[in-house]
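Chemist: Give me a 3D structure for the following:
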Amino acid sequence: MRILYVGEIVGKSGVFVVKRLLSKFRKENSIDFVIGNADSATGGAGIGRQHAVYLRKLGLEVITLGECTYYKKDIVEHLGQASYILRPANYPHSNPGRGWKVFSTPKGPVAVISLLGQAGFPRVHLANPFHAMSDIARKAHEETRTVILDFHAATTAEKETMAYHADGALTAVIGSHGKTQTADARVSRAGTASITDAGRTGSMMSVGGLDPATRIREYLTGVPAWAKDGTAGLELQGCVIDIDEGGKAIAMRSIRVALDEEMKATDQPPDGPGEDQGASQGQGAAGPPLQASTK
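Modeler: Predicted structure coming up:
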């Protein structure tokens with residue numbers, strides 16, 4: 001089995017890159033299953049329902065999230081309906097959505113887990129992801145030996161520690177959130193692939209996919225500002241994992257695919273709500289539980 005993981009999709013530019021490159025890359029590389037992180041797809045923080053549905057149509061079979069899971073109000077209810085979206089499993093079990101799921105593929109079942117790290121997220125304080133990984137892995141192994149973890153964490157130390165903690169227990173541990181691809185894709189002797197950060201999909205001539213000028217102004221003045229999406233140097237980043245019939249990784253490589261095309265106004269994907277609103281404004285930060293997680 002060959003799985004493609006699409007690095008964190010940032011803004012309309014990232015969605016546009018997926019639209020232009022994913023289908024071709026999948027065909028040329030014989031990809032069996034596609035996972036993508038979209039925690040920054042709508043306005044650089046969170047994902048709106050329209051973008052989630054659109055990315056699904058473009059070929060993402062699983063969309064994983066992170067600390068921005070509930071930033072857009074319209075996604076909260078949708079999480080209870082959309083089994084292809086995974087929010088971190090270490091959120092409270094009563095929260096809308098689910099944190100892991102076993103998916104069917106032409107090459108057999110694949111379990112995908114989403115977890116959030118504990119360091120560096122002042123707005124979100126979740127349960128210990130290391131305990132959660134062990135508990136979920138045991139349950140997932142009742143259905144499949146192929147288990148992929150998207151570990152959305154702020155520090156390289158926590159992500160690397162998780163990779164060693166999961167060694168031999170999971171097929172792959174893929175780090176996200178940093179939005180800068182690391183050069184350490186590897187496979188352990190126990191058959192666990194890992195990379196500290198799979199990078200981002202969107203603008204490379206940017207600050208984490210967002211407009212550099214706004215970020216510079218923030219650092220010079222200390223006044224928070226909501227940056228626009230970057231549009232220069234578009235790329236699809238991520239990693240490809242080859243897996244044997246026993247659920248062990250046999251190869252992993254990071255990818256960077258440049259898009260030699262500029263995004264025009266007519267090419268822009270559909271808007272998600274709250275595109276111009278930042279997390280600091282509390283966009284979608286609260287709301288009653290709508291559906292309990294089943295896993």
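Chemist: Could you use CA atoms for every contact and neighbour count after this?
Modeler: OK.
Chemist: Next, please give the residue ranges for the helices of the stretch 101-250 of the chain.
Modeler: With DSSP state H, counting those that start in this stretch, the ranges of helices along the stretch 101-250 of the chain come out as 129-140, 156-165, 212-221.
Chemist: At the geometric centre of the chain, which residue do we find?
Modeler: Nearest to the geometric centre of the chain sits Asn37, at 1.7 Å (CA atoms, centre = their mean).
Chemist: which ones are touching that residue?
Modeler: Asn37 makes contact with Tyr5, Val6, Gly7, Glu8, Ile9, Ile63, Thr64, Leu65, Ser176, according to CA atoms under 8 Å, 6 or more residues apart in numbering.
Chemist: What is the nearest of the residues you listed to Lys24?
Modeler: Lowest distance from Lys24 to the contacts of Asn37 (CA to CA) belongs to Val6, with 13.7 Å.
Chemist: Next up, the contacts around that closest one.
Modeler: Each residue near Val6 by CA under 8 Å, 6+ apart is listed here: Val34, Ile35, Gly36, Asn37, Ala198, Arg200, Thr201, Leu236, Gln237, Gly238, Cys239.
Chemist: Return a ChimeraX selection command for the buried portion of the residues you listed.
Modeler: Of the contacts of Val6, the buried ones can be selected in ChimeraX as follows, counting by 16 or more other CA atoms under 10 Å:
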select :34,35,36,37,198,200,201,236,237,238,239
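Chemist: The contacts of Val6 into JSON lines, with extra columns for distance to Pro212 and pLDDT?
Modeler: As requested, those are exported to JSON lines (distance: CA to CA, whole Å; pLDDT from 0 to 100):
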{"residue": "Val34", "distance to Pro212": "30", "pLDDT": "98"}
{"residue": "Ile35", "distance to Pro212": "28", "pLDDT": "98"}
{"residue": "Gly36", "distance to Pro212": "24", "pLDDT": "98"}
{"residue": "Asn37", "distance to Pro212": "22", "pLDDT": "98"}
{"residue": "Ala198", "distance to Pro212": "21", "pLDDT": "98"}
{"residue": "Arg200", "distance to Pro212": "16", "pLDDT": "97"}
{"residue": "Thr201", "distance to Pro212": "16", "pLDDT": "98"}
{"residue": "Leu236", "distance to Pro212": "19", "pLDDT": "98"}
{"residue": "Gln237", "distance to Pro212": "20", "pLDDT": "98"}
{"residue": "Gly238", "distance to Pro212": "22", "pLDDT": "98"}
{"residue": "Cys239", "distance to Pro212": "26", "pLDDT": "98"}
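Chemist: which among the contacts of Val6 gets closest to Gly222?
Modeler: Using CA to CA, the contacts of Val6 come closest to Gly222 at Arg200, 25.8 Å.
Chemist: In contact with that closest one, which residues?
Modeler: Contacts of Arg200 by CA under 8 Å, 6+ apart are 6-10, 179-181, 208-209, 236-238.
Chemist: So which of those sit within strands?
Modeler: Taking DSSP state E as the definition of strands, the contacts of Arg200 contribute Val6, Glu8, Ile9, Leu236, Gln237, Gly238.
Chemist: Pull the most distant pair out of the contacts of Val6.
Modeler: Val34 and Arg200 (15.1 Å).
Chemist: quick one: the nearest residue to Ile75 once chain neighbours are set aside and His78, what's the gap?
Modeler: Distances taken as CA to CA, 6 or more residues apart in numbering put Arg49 closest to Ile75, at 5.0 Å, once the chain neighbours are dropped. Arg49 sits 7 Å away from His78 when distances are taken as CA to CA, to the nearest Å.
Chemist: Turn the ones in strands among the contacts of Arg200 into JSON lines, including distance to Asp244.
Modeler: Formatted as JSON lines, the ones in strands among the contacts of Arg200 follow (distance: CA to CA, whole Å):
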{"residue": "Val6", "distance to Asp244": "21"}
{"residue": "Glu8", "distance to Asp244": "26"}
{"residue": "Ile9", "distance to Asp244": "28"}
{"residue": "Leu236", "distance to Asp244": "26"}
{"residue": "Gln237", "distance to Asp244": "24"}
{"residue": "Gly238", "distance to Asp244": "20"}
